[in-house]
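Colleague: Let me see the structure of the following:
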Amino acid sequence: MNGRADFGEPNAEVRRPIPHIGADYIPTEEERRVFAECSDESFWFRSVPLAATSMLITQGLISKGILSSHPKYGSIPKLIFACIMGYFAGKLSYVKTCQEKFKNLENSPLGEALRSGQTRRSSPTGHYSQRSKYDSNVSGHSSFVTSPEADNIEKEMLPHYEPIPFSASMNESTPTGITDHIAQGRNFS
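Modeller: The predicted model follows:
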């Protein structure tokens, strides 16, 4: 099936419009529960272990002399930095898992938006919904299919740059130390 509903087919799949998820979106009760679950699990199962591990590794590197400690504050600044980096690395590493949890929600506009975003990326070029910065239709949530006319408008709006030849990009009056002749009679082995 090519993503379009053929009303001649008995069991044709009709795609619902992609819900608008913006800053004013209010999550459902089930989505709030998944947000809290994701926050809790990412903290205890990813952030705490990565922060502790990075702090242990940093302290080991300081004690071996590979990293230097601060003359006044000792190893504390580097350990705090390692802890913060481990915390954020743990939170970021849990994003995909959390997205999958939202995609598995049945009646969730956020889950629907994530599912449709995944199918949009896997669809062929030119057949996806998105807002263009050149789209004059401000009201509503319109989608478009790219066309040659739209591509021409975009090409006209963007500046056109000519490539500069290599020799023209260097000032030819300054010596570079590069010579064109091959040294003959020398054996470099």
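Colleague: got any ranges where this structure has weak pLDDT?
Modeller: Residues of the chain meeting the criterion pLDDT under 70: 1-20, 118-189.
Colleague: where along it do the helices fall?
Modeller: Counting by DSSP state H, the segments of the chain that form helices are 29-42, 48-63, 76-93, 95-103, 109-122, 148-157.
Colleague: can I get the ones you listed in TSV with mean neighbour count and distance to residue 23?
Modeller: Glycine gets a C-beta too; all of them are placed from N, C-alpha and C. Shown next, in TSV, are those (neighbours: other C-beta atoms under 10 Å; distance: least, C-beta to C-beta, whole Å):
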stretch	mean neighbour count	distance to residue 23
helix 29-42	14	15
helix 48-63	16	30
helix 76-93	16	20
helix 95-103	15	17
helix 109-122	15	13
helix 148-157	10	27
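Colleague: Tabulate the ones you listed (a markdown table), appending distance to residue 69.
Modeller: Output for the helices of the chain, formatted as a markdown table (distance: least, C-beta to C-beta, whole Å):
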| stretch | distance to residue 69 |
| --- | --- |
| helix 29-42 | 31 |
| helix 48-63 | 5 |
| helix 76-93 | 7 |
| helix 95-103 | 34 |
| helix 109-122 | 45 |
| helix 148-157 | 55 |
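Colleague: In contact with the nearest residue to residue 104 once chain neighbours are set aside, which residues?
Modeller: The shortest distance from residue 104 to any residue other than its chain neighbours is 7.1 Å, reached at residue 111 (C-beta to C-beta, 6 or more residues apart in numbering). By C-beta atoms under 8 Å, 6 or more residues apart in numbering, the residues touching residue 111 are 31, 102, 103, 104, 105.
Colleague: swap in residue 21?
Modeller: Residue 21 neighbours (C-beta under 8 Å, 6+ apart): 109, 110, 113.
Colleague: and the gap between it and residue 106?
Modeller: 17 Å (C-beta to C-beta, to the nearest Å).
Colleague: And residue 80, by the same measure?
Modeller: Between residue 80 and residue 106 the distance is 43 Å, computed by C-beta to C-beta.
Colleague: what does residue 26 give?
Modeller: Distance, residue 26 to residue 106, by C-beta to C-beta: 18 Å.
Colleague: Hmm, residue 69 is touching residue 75, no?
Modeller: Yes: Residue 69 lies in contact with residue 75 (C-beta atoms under 8 Å); the separation is 4.7 Å.
Colleague: Common neighbours of these two, please.
Modeller: Residues touching both residue 69 and residue 75 (C-beta under 8 Å, 6+ apart): residue 62.
Colleague: returning to that earlier point: nearest to residue 87, out of the contacts of residue 21: which one, please.
Modeller: Set against residue 87, the nearest of the contacts of residue 21 by C-beta to C-beta is residue 110 (24.7 Å).
Colleague: hmm, back to that, switch the contacts of residue 21 over to JSON lines; also include distance to residue 58.
Modeller: Below are the contacts of residue 21 laid out as JSON lines (distance: C-beta to C-beta, whole Å):
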{"residue": "109", "distance to residue 58": "43"}
{"residue": "110", "distance to residue 58": "37"}
{"residue": "113", "distance to residue 58": "39"}
